[in-house]
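>>> quick one: sequence plus predicted model below, questions after.
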Amino acid sequence: MPGREIFSKSETDLTLILTTLFDGVLNSDVVDLQNVNAVLFVVFAGVIFDGTHAITFEESDDVGFSSPVAVPESDLRGATFADLIFTGSVMIVPVSVVNNKRFLRGVVTTTGATSGGEISIFAVKQMLTLAPAS
């Protein structure tokens, strides 16, 4: 069996750079899923000083997210929305999202923060590979 590797078949996007968050909602950069088989988000919670920081996901047919649709928890793999609520300590949570639309983004909602907390989100996309015609 030939050796297998993922590097040449994947692409990584830093969708939300390590940012100190205060009360409010912050959307990550948009991930374009054209020619992508699957996407894995890696959520990194750094130092959380105070507040609650909850991560959810939205998808859309257009890059401008004129009509975003919340991704239901049933479309998450590897984590639940409860796993994506950060109130303290350093954590790394991988979560795969079953996408039904072309564009996807993370949404961080922060409440009760005066000093905030640091969050970043990375998207690892597995690129589509086509088999040769037989």
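Good, I have the coordinates. Numbers count the residues shown, from 1 in each chain.
>>> what's the lowest-mean-pLDDT helix or strand in the chain packed up against?
In the chain, no helix or strand scores lower on mean pLDDT, DSSP states H and E than strand 10-21, which sits at a mean of 79. With contacts defined as 3 or more CB pairs under 8 Å, 6 or more residues apart in numbering; DSSP states H and E, the packing partners of strand 10-21 are strand 36-48, strand 103-111, strand 117-127. C-beta: built from backbone N, CA, C; applies to glycine.
>>> any idea how far stretch 26-42 is from the chain center?
Stretch 26-42 has its C-alpha centroid displaced from the chain centroid by 7 Å (CA atoms, centre = their mean, to the nearest Å).
>>> when you give positions from now on, start the count at 26
New numbering, starting at 26: the last item is stretch 51-67.
>>> could I get the average pLDDT for that stretch?
Stretch 51-67 shows a mean pLDDT of 90.
>>> now the terminal residues of that stretch, how far apart.
Start-to-end span of stretch 51-67 (CA to CA, to the nearest Å) is 17 Å.
>>> buried residues in it?
53, 55, 56, 58, 61, 63, 64, 65, 66 (16 or more other CB atoms under 10 Å).
>>> quick one: residues contacting the second one.
Shown here is residue 55, whose contacts under the criterion CB atoms under 8 Å, 6 or more residues apart in numbering are 40, 88, 90, 128, 129, 130.
>>> include distance to residue 84 when you put the buried residues of stretch 51-67 into a markdown table, please.
Supplementary listing: those in a markdown table, determined by distance: CB to CB, whole Å:
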| residue | distance to residue 84 |
| --- | --- |
| 53 | 12 |
| 55 | 10 |
| 56 | 10 |
| 58 | 9 |
| 61 | 13 |
| 63 | 14 |
| 64 | 10 |
| 65 | 15 |
| 66 | 12 |
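>>> list just the nearest of those residues to residue 104.
Residue 104 lies nearest to residue 66 out of the buried residues of stretch 51-67, by CB to CB, at 9.0 Å.
>>> cheers, nothing more for now.
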